[in-house]
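> sequence unknown, structure follows:
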């Protein structure tokens, strides 16, 4: 009774911990995606004529936020994909923060801190946990990578500050930039192929994610099943080893199979989680031929031996019982 209660409590704790951990990750990830710095970056990018030319005018974020962007840190180093009607690129930002600062140098007010189930539980025992500081941010570096080679800066200490870029209505294209952008536009067929490739890539990542999750869940289920639902394989078990040892000296085996006796590796059977019951089915062979062994038994804790309820050799059409009275 107590053992069953302990098992149930352990399983409940595992499931509860998985749900709480998943909720915490989801809340943190959603907070990053909707952080004021991310929204500010997109707003600044939409001002630049080169970005508009390559990506389009209406931009949005895609995917998760990479790098460091966490509550209670006064610095950030993050990267994420931005896309528009014409294409996509990767934005990289460096930023620093001050607590409760009203200066124009730190114009971005931080998004409210995430509140997960884990946070609520911690707050019950430690009310100070939820009293987090509120920061104001400024971007110290902002650049865009349209491909693996190019690196287009918008905010840099030798170019312009965050405040200066905020005050600009639009950054116009320079003659040099115009020449760089005079490339042949994609045909309708090329655009369709590009979209198909992007969809295939997204589907592949989703399949990998779902497959990985299924493997993890399946692995956990297998371990729980092995522990609590009596599905332990018999190979390499004490029951199987004891059965082999007793067969070596059995007169039926010596007469029908011969010595030395060997066995094939395709052993079938199960033992329970406490190794007190077992059954096995396997093939043995020797100088006189081969046959199939059927064994089933219980462990006698008083005598410290296995008591077989079935122990038989099937050779051809004949079955030989090896149970001892």
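Good, I have the coordinates. None of these values were measured; they are calculated from a predicted model. Residues are numbered from 1 along each chain as shown.

> can you give me the strands in the stretch 151-300 of the chain?
Remark: strands assigned in the stretch 151-300 of the chain by DSSP state E, counting those that start in this stretch are 152-155, 232-233, 262-263, 268-271, 277-286, 289-300.

> Check which residues of the first one are buried.
In this case it means strand 152-155. 152, 154, 155 (16 or more other Cβ atoms under 10 Å). (C-beta placed from N, C-alpha, C; glycine too.)

> Not counting its neighbours along the chain, what's nearest the last one?
Okay, so that is residue 155. Take residue 155 and drop its neighbours on the chain: the residue closest to it by Cβ to Cβ, 6 or more residues apart in numbering is residue 142, 3.9 Å away.

> Residue 81 now?
residue 62 is the one closest to residue 81 (Cβ to Cβ, 6+ apart), at 4.4 Å.

> what's near enough to touch residue 262?
By Cβ atoms under 8 Å, 6 or more residues apart in numbering, the contact set of residue 262 is 284, 285, 286.

> Now for the last one, how many residues are close by?
Neighbour count of residue 286, defined by other Cβ atoms under 10 Å: 17.

> you'd agree it is up against residue 261?
Yes - at 4.7 Å, residue 286 counts as touching residue 261 under the criterion of Cβ atoms under 8 Å.

> what do the two both touch?
Common neighbours of residue 286 and residue 261 (criterion: Cβ under 8 Å, 6+ apart): residue 253.

> can I see the domain layout of the protein?
Per automatic domain parsing, the structural domains of the chain span 30-183, 184-228, 233-321.

> Now tabulate these in a markdown table and tack on mean pLDDT.
Listed next are the domains of the chain as a markdown table, based on pLDDT from 0 to 100:
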| stretch | mean pLDDT |
| --- | --- |
| domain 30-183 | 79 |
| domain 184-228 | 69 |
| domain 233-321 | 87 |
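
> What is the burial count for residue 76?
Under the neighbour criterion other Cβ under 10 Å, residue 76 is assigned a count of 22.

> which residues touch it?
Shown in contact with residue 76 (Cβ under 8 Å, 6+ apart): 37, 67, 68, 69, 70, 93, 94, 95, 96, 97, 137.

> What of residue 263?
Contact analysis of residue 263 by Cβ under 8 Å, 6+ apart lists 244, 282, 283, 284, 285, 293.

> Tell me what it is bridged to.
When assigned by DSSP bridges, residue 263 has beta-bridge partners residue 284.

> Contacts made by stretch 306-313 with the rest, please.
Residues contacting stretch 306-313 (Cβ under 8 Å, 6+ apart): 239, 242-243, 246, 252-253, 256-257, 278, 284, 291-300, 319-323.

> For it, buried residues please.
For stretch 306-313, using 16+ other Cβ under 10 Å, the buried residues are 306, 308, 311, 312, 313.

> Tell me which of those fall in strands.
306, 308, 311, 312, 313 (DSSP state E).

> so can I have JSON lines of the residues you listed showing distance to residue 52?
Below are these laid out as JSON lines (distance: Cβ to Cβ, whole Å):
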{"residue": "306", "distance to residue 52": "80"}
{"residue": "308", "distance to residue 52": "82"}
{"residue": "311", "distance to residue 52": "83"}
{"residue": "312", "distance to residue 52": "83"}
{"residue": "313", "distance to residue 52": "83"}
